[in-house]
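Asker: sequence and predicted structure are below.
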Amino acid sequence: MASQPSSEDKLALLYYFQKMYRQRLVKTHVGYQKGLISIKEQVLNWLKEEIYFLKKYLQKINYLT
């Protein structure tokens, strides 16, 4: 059975995706729905929230141990 990645590995991967996505060139700034921010910004915001959650989770785990 394959082992699951650690929380630290997941955090590193999220940072990697965030870096790669920020550097990606975008031809248009189209949102999924009119009036919303671009899809790129939506994905970057989602990555930012996931990173924040995982960092808080790791802080909590380290605090408890």
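Answerer: Arrived safely. Residues are numbered from 1 along each chain as shown.

Asker: rest of the way, CA atoms for contacts and neighbours
Answerer: Noted.

Asker: tell me what the helix or strand Asn45 falls within is packed against?
Answerer: Following DSSP states H and E, one finds Asn45 within helix 39-64. If you count contacts as 3 or more CA pairs under 8 Å, 6 or more residues apart in numbering; DSSP states H and E, helix 39-64 packs onto helix 7-23.

Asker: what comes up buried for the helix it packs on?
Answerer: 11, 14-15, 18, 21 (16 or more other CA atoms under 10 Å).

Asker: closest to Leu54 out of those residues?
Answerer: Leu11 (6.7 Å; CA to CA).

Asker: for Leu36, see how far away the most centrally placed residue in the chain is.
Answerer: The structure's the chain has its C-alpha centroid closest to Leu47; by CA atoms, centre = their mean the separation is 2.0 Å. Using CA to CA, to the nearest Å, Leu47 is found at 17 Å from Leu36.

Asker: what about the lowest-mean-pLDDT helix or strand in the chain, distance to the chain center?
Answerer: Across the helices and strands of the chain, mean pLDDT, DSSP states H and E gives its lowest value to helix 39-64, namely a mean of 90. Offset of helix 39-64 from its chain centre (CA atoms, centre = their mean, to the nearest Å): 7 Å.

Asker: what residues of that helix count as buried?
Answerer: Across helix 39-64, burial judged by 16+ other CA under 10 Å covers 39-40, 44, 47, 50-51, 54.

Asker: could you do stretch 23-39 as well?
Answerer: Neighbour-count burial for stretch 23-39 flags 38-39 (criterion: 16+ other CA under 10 Å).

Asker: what residues does that stretch touch?
Answerer: Lys40 (CA atoms under 8 Å, 6 or more residues apart in numbering).

Asker: chain center to it, what's the gap?
Answerer: Relative to the chain's own centre, stretch 23-39 is displaced by 17 Å; criterion: CA atoms, centre = their mean.

Asker: can you check the distance spanned by it, start to finish?
Answerer: Per CA to CA, the first residue of stretch 23-39 is 14 Å away from its last.

Asker: just use 38 as the starting number from now, easier for me
Answerer: That works, and once the first residue is 38, the last one we named lands at stretch 60-76.
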